[in-house]
Structure formats: C-alpha cells, structure tokens
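Participant: Sequence and computational prediction follow.
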Amino acid sequence: MNIDRSFLQGFIDIHVHSAPSIFPRSVTDQELAEQVRDAGMRGFVLKAHEECTVSRAEILKRSFPELDIFGSLVLNVFVGGLNPYAVDLALKRGAKIIWMPTGSAKHHLGFYGGSDYSAQKSEVALRPLQGIEILDKQGRVIPVLYEILDMIAEAGAVAASGHLSPRETIAFVEAAQERGVEKILVAHPDLGVTQMPLDLQVDLARKGAYLEKSYLPLMPDWKTIDIEQMVESIRRIGPERCVLQTDFGQVNHPSPPEGYRSFVSLLRKSGLPDRDIRRMGAQNPAELLNLPDKS
C-alpha cells in the first residue's frame, strides 16, 4: 500500500537520531531535514544520547523554515545526569522533550552490559559507569527528580521516561502527574530494553501518559514484537494515547523518513484505519509539542 506525500502531511517523528553522534548514523541533520521535507511530513524532534540537540535544531530551522524542528535533552552522564541546571537551560532555549537517562540508566546497563547496544556500538570508547536510578534504596523517588519535573511542568514541555525499568517508569509517571506535568511520554514500551506487559501499558495510558509505538522493535536486529501484537496493543491502549515514531537513524536501517513511510504502510495493511494512524502520527505529536493541529 503506497503512502504518498499528501497522506503524511502533518506527521511528526518525535524520536529520531542523526549525525553527528557517538553512534554511526544513516543521515546527517541536514539530510534528515531534506528527506522529511521531501516526504511531505511536518517535522521531527532530534534526540541524541550524548548531548542537548537544541542548537542543532535551531541551525536546521534557519534552512528549513517550513518544517517544525525541535531539540530535546537526554539526562545521561554526558550532561551531568539528573542535572536541573542542564534541564533549566535546555527548556529556556526551546527543548520540547526532556528524557530520563537512556544509555546511562542503571536498567540499560544491566540489560546490555554497558552503555552500548547489542545491535549498535559507539564509535568512541565510553568510560564505565555505575548507572543512574530515579528511586532510592527504599523505592522512593529521589528529590532532584521532583525539581526537574517542576521545571518541565512550568515550561509545558514533555517529560519522557527514557530507558528506565518498568518499576521506575511507573514511579516516573506518577511523580510527573503529582508535580503537574501535563505531557508524559513512555518511551518505546515494546522495545527490549524497556519492554513492559500490555496490561501495564494500558494502565499507564489510563493514568494519563502517552505511549510511543516505535518501528524499531519490528526490525530484525531489535525485534521484540510482531506487527499483529503492535496493532493489538494500539487497539487496547487506544490511538488517542499512542504516538508513532521510528527511533531510526541506525546505519543498517532505511533513513528515518523512509522508515516512517514503511511503518505507516505496514499499519494500514494490518487493518488500522487512517483516522487512527493520523491521530497517532499527526494530532498527538502536535498536542505534545504545543503546535496547532494540522491533521
């Protein structure tokens, strides 16, 4: 089933990687923006495990004013971990998503045995680390997370779970709600490192969180779910609480816009109605990013 430019108008990939990066990438920032424009999509959010991407997004917007391009911040050790100063500056400069630790999360380290990924190795040697947790030894949320969540709430930005354990993710969602965060995002709950039972995904959606539905866990090197299971999860959760993204940028995959088109085509072939796909790919991302609806 072909997906043309007209169908993808208004669609935003909220979770995409490009070069420069410590990991090999399939596209540069410039190439990504060109291909998103040519695909007819509305825009994207740049994510990097090692740095804030706000400056990179600002540079791209000067060349591609027709696109909605935003930066984000991942709270890995490279920016000081759970660092409220880094969060404060990123938000004041326009970051739309603040992610909890990914490669620096203790859960990630335990799953992969280090900051790298089994299907993807860093191009630079990374120093060993103990890992970051958001809960103390008694299972309580550490105070600095509340400080960070307060900043996110005040800015109207998105608080995203990163590569936390399912137990931490539950605590994260509840803490974000407690501190008045209106936009809470659970990162790729179908991917191996953050995979959680469907019943838990449904429960988090009922608590008010959005859940990413990513193309990456359908890929051979990362596969943890099949398309039938993903479609069933979307139907159980409800498209109003799901957000499509590719998480692409890996060199062994198509470019992110090509991947996005393939993902949408696969969902259509699997029986999801166009209105639900558009809700997850255009309307929900626009709501999260405080953009007017163009779906």
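Facilitator: In hand now; what should we look at?

Participant: can you pull out the helices in this structure?
Facilitator: 29-39, 54-63, 84-92, 106-112, 143-155, 166-178, 198-206, 227-237, 256-269, 274-278, 284-288 (DSSP state H).

Participant: could you dump the ones you listed to JSON lines with distance to residue 12 and mean pLDDT?
Facilitator: Any C-beta I mention is one placed from the backbone N, CA and C, and that applies to glycine too. Shown next, in JSON lines, are the helices of the chain (distance: least, Cβ to Cβ, whole Å; pLDDT from 0 to 100):
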{"stretch": "helix 29-39", "distance to residue 12": "9", "mean pLDDT": "98"}
{"stretch": "helix 54-63", "distance to residue 12": "13", "mean pLDDT": "98"}
{"stretch": "helix 84-92", "distance to residue 12": "19", "mean pLDDT": "98"}
{"stretch": "helix 106-112", "distance to residue 12": "26", "mean pLDDT": "97"}
{"stretch": "helix 143-155", "distance to residue 12": "19", "mean pLDDT": "98"}
{"stretch": "helix 166-178", "distance to residue 12": "21", "mean pLDDT": "98"}
{"stretch": "helix 198-206", "distance to residue 12": "20", "mean pLDDT": "98"}
{"stretch": "helix 227-237", "distance to residue 12": "17", "mean pLDDT": "98"}
{"stretch": "helix 256-269", "distance to residue 12": "10", "mean pLDDT": "97"}
{"stretch": "helix 274-278", "distance to residue 12": "11", "mean pLDDT": "97"}
{"stretch": "helix 284-288", "distance to residue 12": "4", "mean pLDDT": "98"}
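
Participant: quick one: contacts for the residue nearest to residue 237 when sequence neighbours are not counted?
Facilitator: For residue 237, ignoring the flanking residues on the chain, the nearest one in space by Cβ to Cβ, 6 or more residues apart in numbering is residue 205 at 4.8 Å. Neighbour list for residue 205: 211, 237-238, 241 [criterion: Cβ atoms under 8 Å, 6 or more residues apart in numbering].

Participant: Which of those are buried, as a PyMOL select command?
Facilitator: The following PyMOL line selects those of the contacts of residue 205 that are buried, judged by 16 or more other Cβ atoms under 10 Å:
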select buried, resi 211+237+241
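
Participant: Just the contacts of residue 205: which are in strands?
Facilitator: If you go by DSSP state E, the contacts of residue 205 have residue 211 in strands.

Participant: just for the stretch 1-150 of the chain, where's the confidence low?
Facilitator: Counting by pLDDT under 70, the stretch 1-150 of the chain contains low-confidence ranges at 1-2.

Participant: circling back: residue 180: which of the contacts of residue 205 is nearest?
Facilitator: Nearest to residue 180 among the contacts of residue 205: residue 241, at 19.0 Å, using Cβ to Cβ.

Participant: correct me, but the closest one touches residue 213?
Facilitator: No. Counting by Cβ atoms under 8 Å, residue 241 stays clear of residue 213, with 10.0 Å between them.

Participant: show me where the stretch 1-150 of the chain has strands.
Facilitator: Using DSSP state E, counting those that start in this stretch, the strands of the stretch 1-150 of the chain run over 12-16, 43-46, 68-70, 72-74, 97-99.

Participant: Dump these to a markdown table, plus mean neighbour count and distance to residue 161.
Facilitator: A markdown table is the format used below for the strands of the stretch 1-150 of the chain (neighbours: other Cβ atoms under 10 Å; distance: least, Cβ to Cβ, whole Å):
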| stretch | mean neighbour count | distance to residue 161 |
| --- | --- | --- |
| strand 12-16 | 28 | 12 |
| strand 43-46 | 26 | 15 |
| strand 68-70 | 25 | 18 |
| strand 72-74 | 25 | 11 |
| strand 97-99 | 25 | 8 |
